[in-house]
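Need the 3D shape of this:
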Amino acid sequence: MVDSGNITTVLMDLIQPFAGEGPSITIDADLVDELGLTSLQVMEFIETVEDRYDISYPLNELADVRTLRDLSRGIERQLRQ
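Numbering: from 1, shown residues only. Purely as a prediction, here's the structure:
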């Protein structure tokens, strides 16, 4: 069983080094517009998440990832397969 609350907690921890101390990190904060991540940082963050969950996030779904909630939902789908 996939625990979305646990995924959210892990994502909040994993994003911290990329977002730094400035912005407030929330599950619905936009990774680029609100947290200020560059496209390279987003890709590095996704790689970190993939390593953590031992998954390969589908490239065709990456364009839809704007927030941690979007990513969490995608991870849940991956883990259920």
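
rest of the way, CA atoms for contacts and neighbours
Noted.

Show me which residues of stretch 74-81 are buried.
In terms of neighbour count (16 or more other CA atoms under 10 Å), stretch 74-81 has its buried residues at 74-75.

nope, stretch 61-77 is what I meant
Residues of stretch 61-77 classed as buried under the neighbour-count rule (16+ other CA under 10 Å) are 65-72, 74-75.

Residues in contact with it: which ones?
Among residues not part of stretch 61-77, those counted as contacts by CA atoms under 8 Å, 6 or more residues apart in numbering are 2, 4, 7-8, 11-12, 26-32, 57.

so how many other residues sit close to Asp51?
Here the number of neighbours of Asp51 (other CA atoms under 10 Å) works out to 11.

rewinding a little: report the lowest-confidence entry in the contacts of stretch 61-77.
When the contacts of stretch 61-77 are compared on pLDDT, Val2 comes out least confident, at 59.

if we can go back for a sec, list only those of the contacts of stretch 61-77 flagged as buried.
7-8, 11, 27, 29-31, 57.

of all the residues you listed, which comes closest to Ala19?
Sorting those by distance to Ala19 puts Leu31 at the head of the list, at 8.4 Å, by CA to CA.
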